[in-house]
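> Sequence and predicted structure, then a few things I'm wondering about:
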Amino acid sequence: MKTIRLVLTLFLLSLGFSLAAPAHAADLHAVLITASNESGATDPRLANYEVTLRRVLRFKSYTYQGSDSGRIGAGQQTLMIGQGHQLEIEGGAHTLSIRIRWTEGGRTLMNTGLTLRAGVPAVLGGPSTGRAEGEVYAVILVAR
């Protein structure tokens, strides 16, 4: 009888711990940039991402426009990344798979899904800035 009670107690405790286990959560950092084929140095704040940016976007220079950070987890949050741009992020509870709605001034620029890898930057190429020929917005996302 004691053995059954002990096994039942251990089972209930393990069930309680598995139900109470925290959802997978990670810090998310988002950076809004402009990319251009104009000659010029890349913004020093983007030095850690320059190799990835050149490989993915293939522009000559990159300029920092703004950034915001938050947490990926169950639920939705909004990151205000600068220049009127925001990202509505919805993350899964047990994965780094996220849904992103990128907007500017209420206008949807992109609706997409991504699976992030911790520490590996993901780049979303975006629309023209409308300021200079061939200049576009992009977003760098990094989960930690």
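In hand now; what should we look at?
> If residue 122 is in a bridge, with which residues?
As for beta bridges, residue 122 partners with residue 141 under DSSP bridges.
> just residue 104 next, same as before
Here residue 104 sits in beta bridges with residue 85, residue 107, going by DSSP bridges.
> Give me the distance from stretch 98-108 to the chain's centre.
13 Å (Cα atoms, centre = their mean, to the nearest Å).
> With stretch 47-54 instead?
16 Å.
> Just the buried positions in that stretch, please.
49, 52-53 (16 or more other Cβ atoms under 10 Å). Glycine gets a C-beta too; all of them are placed from N, C-alpha and C.
> What is the nearest of those residues to residue 109?
residue 53 (18.5 Å; Cβ to Cβ).
> residue contacts, the closest one?
Shown in contact with residue 53 (Cβ atoms under 8 Å, 6 or more residues apart in numbering): 33, 35, 42, 46, 59, 62, 123, 138, 140.
> where along the chain do the strands fall?
For the chain, strands defined by DSSP state E occupy the ranges 26-36, 61-72, 75-82, 85-91, 97-104, 107-115, 122-128, 136-143.
> any idea of the mean pLDDT in the third one?
Confidence over strand 75-82 (mean pLDDT, whole number) is 93.
> CA atoms only for it - export them in PDB, please.
Extracted in PDB, the C-alpha atoms of strand 75-82 (Å, rounded to 0.1, in the frame of the first residue of the first chain):
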ATOM      1  CA  GLY A  75       0.900  35.600 -26.600                       C
ATOM      2  CA  GLN A  76       1.400  38.700 -28.700                       C
ATOM      3  CA  GLN A  77       3.400  41.800 -28.200                       C
ATOM      4  CA  THR A  78       4.300  44.900 -30.200                       C
ATOM      5  CA  LEU A  79       7.800  46.200 -30.800                       C
ATOM      6  CA  MET A  80       8.200  49.800 -31.800                       C
ATOM      7  CA  ILE A  81      11.400  49.700 -33.900                       C
ATOM      8  CA  GLY A  82      11.600  53.300 -35.100                       C
END
